[in-house]
Each structure stands twice: as C-alpha cells, then as structure tokens.
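Asker: Sequence and predicted structure, then a few things I'm wondering about:
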Amino acid sequence: MSNKRKPKFGQNFLVDDNARHAIVDALGDISNRTVLEIGPGHGAITSLLAPRAQRLIALELDHSLAAELTFKFRDQPNVTIVQGDVLETDLAALIPEGTTADVIGNLPYYITSDILLQLFAAGRAGLLNRAVLMMQREVADRLSASPGVKEYGLLAATTQVNAEVDNLFTLPPSAFNPPPDVFSTVLRLHFAPRFEELQVDPAGFDSFLKQIFAQKRKTLHNNLRAASYDPETLAAAWPAEIPPQARAESLALEPLAALYRALAQHPRGL
Ligand SMILES: C[S@@+](CC[C@H](N)C(=O)[O-])C[C@H]1O[C@@H](n2cnc3c(N)ncnc32)[C@H](O)[C@@H]1O
C-alpha cells in the first residue's frame, strides 16, 4: 500500500516569522520555567523557545521530525525532544516535582479537544500555570465565548471552569505551509480551576455540564429531564435566579453551580 495518502498528523507548518515570535512572546518570561511544547514539527517555535526557557521538553509524534529536532538541538542541554503521542504521555512525569510548567503548541487540529481535556486535568492537578495554544479559529471562538452568544456551549463552560481564556490573534491559512483550509487563532489559558470557589466536585460537575449541554435546542429543564431527573426533584431544587425556560447556553457558571449543588441535596427520582 502506498504511503502517499497517509494522513500526516495535522502537519501545517508555521512559516510567518512575526507570528512565531508573537506566539512565543505571549508566554512571557520563561527564563526560570519548564516549558512543554506540543508538536514542534520542524522547530518554528522550538528554536525561539530554546534560548529563552530554563528547560524545554518538546513532544513530537512523527519519528522523522523528532529525529531531525534531536539532531538540531543536540548541543542545547536544556532542550529534550521526546518522540511520542502527547495524549499517551504522562505530563506529570516530565515536570520536576514541586514545580509547574507552561505549555505551548501550534496544535494538531484533529486532536485539539482531547489535548485540552488532558491539559485541564493537569491544571487541576496543579501541574500547569499557563498555555499558549494555536487552534482552528472556530474552536478558539467556542472556548472563549461568553454565555448568551451562539458559540457558547459545553466547550466554553468546560474550559472556563478550568482556566481564564484570552483570545490573542488570528492568522490566515497563508501563515502555514501547506496552508490549512481554516483560519487559526492563538489563545492564552491561565489555569485557575474554579471548582472550590463554585463549591462543586470536579467529576460530578463535569458530568452535569455534559447533561445540561447535551441538546442545544432543549431547555435546561428538558435536558435534565432527558438525563432522568424527575419533575418534582427539579421543582424542589430549582434556584429562583434561573428562569424556568432558560437554556444552559444563556447561563454563567455561578447559577449552573447553584443548580448542581441544589440537585445534589435532593434525592434524585427516576
Ligand atoms: C500544526 S503542526 C505544528 C508544527 C510546528 N510547531 C509549527 O508551528 O510549524 C502540528 C505538529 O504536531 C505533531 N503531532 C500530531 N499529532 C501529535 C500527537 N498526538 N502528539 C505529539 N505531536 C503530534 C505533528 O507531527 C506536527 O509536527
């Protein structure tokens, strides 16, 4: 079988010099930081990070690119190239104990959501401080959307309960070689899990968010009915601040957390 059409791991390499500087600058002072780079490719960002970071660990799935970078950075002892799948990598094992790391990456777009969930878990474990990530513009818009706008949904709520999000800048396809079909946006995340402040347990609130955002066209009430909450339980627990016909998409995290806490106190009928 020919290898010609084998999918190549979302490889669109950044060729815009201003953009690669802006991405690395967005991480701020990294002179005493451990930085994890996801998908270094040919090293467009890596070569700027190497002289700035105290320690740089770059995770690349593609064997030939990992070999190319290992050779390129062979004389820079603060740089480690790891060949492997980021999603199969235990990030904790890469970060010196008792410290936090920063993450940077022009992400392989086909696994953006999985990488984000992995980073949120590491953020909750207190392993990460901030991340500068490039992703497809539409996905970035969904992560950073506010309640009430059409892009707001499960991805925004999940992101914003784990991190503060800054939408930094957008690049056209021509910034890459080969050019992707989509525009790309760079976001900065500051990992700041809000579970304690919202008085919710992380795993339970995660599941609750999945239930209430399950069907966009349904009201919050009807999504909870579909998730097998009985009407009496919902009536007894419903906070006065949430209109009966509200959709989850129109509500901030605080009222959603209030509803979650109230439901947790009521026996749940089926
Ligand atoms: C969009 S390219 C970015 C390359 C380079 N950072 C740049 O800006 O030019 C994504 C990179 O992620 C790598 N990659 C894809 N899937 C990966 C995975 N599961 N784990 C680690 N790296 C991956 C690809 O091989 C590719 O080098």
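Answerer: That came through fine. Source: prediction; values computed, not measured.

Asker: from here on, contacts and neighbour counts on C-alpha atoms
Answerer: Will do.

Asker: which intervals of the stretch 151-270 of the chain have sub-threshold pLDDT?
Answerer: Low-confidence segments of the stretch 151-270 of the chain, defined by pLDDT under 70, are located at 267-270.

Asker: Tell me where it has strands.
Answerer: Listed from the start of the chain, the stretch 151-270 of the chain has strands (DSSP state E, counting those that start in this stretch) covering 163-171, 176-177, 184-191.

Asker: For the ligand, give me its nearest residue in the stretch 101-250 of the chain.
Answerer: residue 108 (4.1 Å; C-alpha to the nearest ligand atom).

Asker: what's near enough to touch that residue?
Answerer: The contact partners of residue 108, taken as C-alpha atoms under 8 Å, 6 or more residues apart in numbering, are 9, 10, 11, 39, 135.

Asker: From those residues, pick the one nearest the ligand.
Answerer: For the ligand, the nearest member of the contacts of residue 108 is residue 39. The distance, counting by C-alpha to the nearest ligand atom, is 3.2 Å.

Asker: you'd agree residue 164 is up against residue 191?
Answerer: Yes: with the criterion set as C-alpha atoms under 8 Å, residue 164 and residue 191 qualify as a contacting pair; they are 6.5 Å apart.

Asker: neighbour-wise, which of these two wins?
Answerer: Shown here are residue 164 and residue 191; by other C-alpha atoms under 10 Å, residue 191 has more neighbours (25 against 16).

Asker: Could you measure from the nearest residue to the more buried one once chain neighbours are set aside over to residue 198?
Answerer: Excluding its sequence neighbours, the residue lying closest to residue 191 (C-alpha to C-alpha, 6 or more residues apart in numbering) is residue 163, at 4.3 Å. As for residue 163, its distance to residue 198 is 14 Å (criterion: C-alpha to C-alpha, to the nearest Å).

Asker: neighbour count winner among these two?
Answerer: Legend: neighbour count by other C-alpha under 10 Å for residue 163 and residue 198, higher for residue 163 (22 against 18).

Asker: residues touching that one, list them.
Answerer: 120, 189, 190, 191, 192, 193, 194.

Asker: again, only using 7 Å
Answerer: Contacts here follow C-alpha atoms under 7 Å, 6 or more residues apart in numbering; on that basis residue 163 touches 189, 190, 191, 192, 193.

Asker: Same check on residue 129?
Answerer: Applying C-alpha under 7 Å, 6+ apart to residue 129 gives the contacts 100, 101, 102, 190, 191.

Asker: Who are the contact partners of residue 145?
Answerer: Residue 145 makes contacts with 151, 152, 156, as judged by C-alpha under 7 Å, 6+ apart.
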